[in-house]
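Peer 1: missing the sequence, but the structure's below:
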C-alpha cells in the first residue's frame, strides 16, 4: 500500500533548488558509483519548469563534473508533469500519485522504468531500473529541498 501524501500541484512543489544524492549500480559488472549535486527546477515562460542538475560523478571509469537538463511541461492533471529531453523528444511522465508514480521509456535497445516517491514536503526520491542487452543499471536518487521549511 502506498502511504504517500498527494501532491496537489506538482509544479509548485518542485519549483526551487534541491540537493541530490544518487547511487549507481551496474548489475552486470557489480560496479558502484555515486552522483552528488544540486537540482534546480526553474519556472520558464512556457508555463513549465526547466530542470538542471549539476554535480560530481564518482565512477571507476569516470569521475568529475556532470550535468543533465530536461524540460517539464504541465501534465494531464495538476499532480503530473510531462518530462522532455532538451531537444523536445518526450521522455516520461512524473507524478507522485499512487496510480501514476511509475512510467517507462524505451531507449533502444533498453527499457527504462522509473518510480517516484514523495517522502514529505521537502524530500522525494526516484529510482530508474534499466534493463536490456546494452545496460543493466539501478539508479536511486534522493532529493532534499535546500532551505527546507522556508517559504519563497
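Peer 2: Now that the structure is in, tell me what you want to look at. What you see is a predicted model, and the numbers here were worked out from it, not measured in a lab.

Peer 1: quick check: phi and psi on the closest residue in space to residue 118 that isn't next to it in sequence?
Peer 2: The spatially closest residue to residue 118, leaving aside those adjacent along the chain, is residue 96, at 3.9 Å (CB to CB, 6 or more residues apart in numbering). The C-beta positions use only the backbone N, C-alpha and C, and glycine is treated the same way. Here is the backbone geometry of residue 96 (degrees, to the nearest 10): phi -100, psi 0.

Peer 1: so which elements touch the least confident helix or strand in the chain by mean pLDDT?
Peer 2: Scoring the helices and strands of the chain by mean pLDDT, DSSP states H and E places strand 102-107 at the bottom, with a mean of 83. The contact analysis (3 or more CB pairs under 8 Å, 6 or more residues apart in numbering; DSSP states H and E) places strand 102-107 against strand 90-95, strand 110-120.

Peer 1: the residue nearest to residue 118 and residue 37, how far apart?
Peer 2: 22 Å (CB to CB, to the nearest Å).

Peer 1: repeat that for residue 139.
Peer 2: Noted for residue 139: a distance of 14 Å to residue 37, by CB to CB.

Peer 1: can you check residue 105 too?
Peer 2: 22 Å.

Peer 1: same check on residue 10?
Peer 2: 22 Å.

Peer 1: just the strands in the chain please.
Peer 2: 16-26, 31-43, 49-59, 62-74, 80-84, 90-95, 102-107, 110-120, 123-131, 136-145 (DSSP state E).

Peer 1: what comes up buried for the first one?
Peer 2: In other words, strand 16-26. 16, 18-20, 22, 24, 26 (16 or more other CB atoms under 10 Å).
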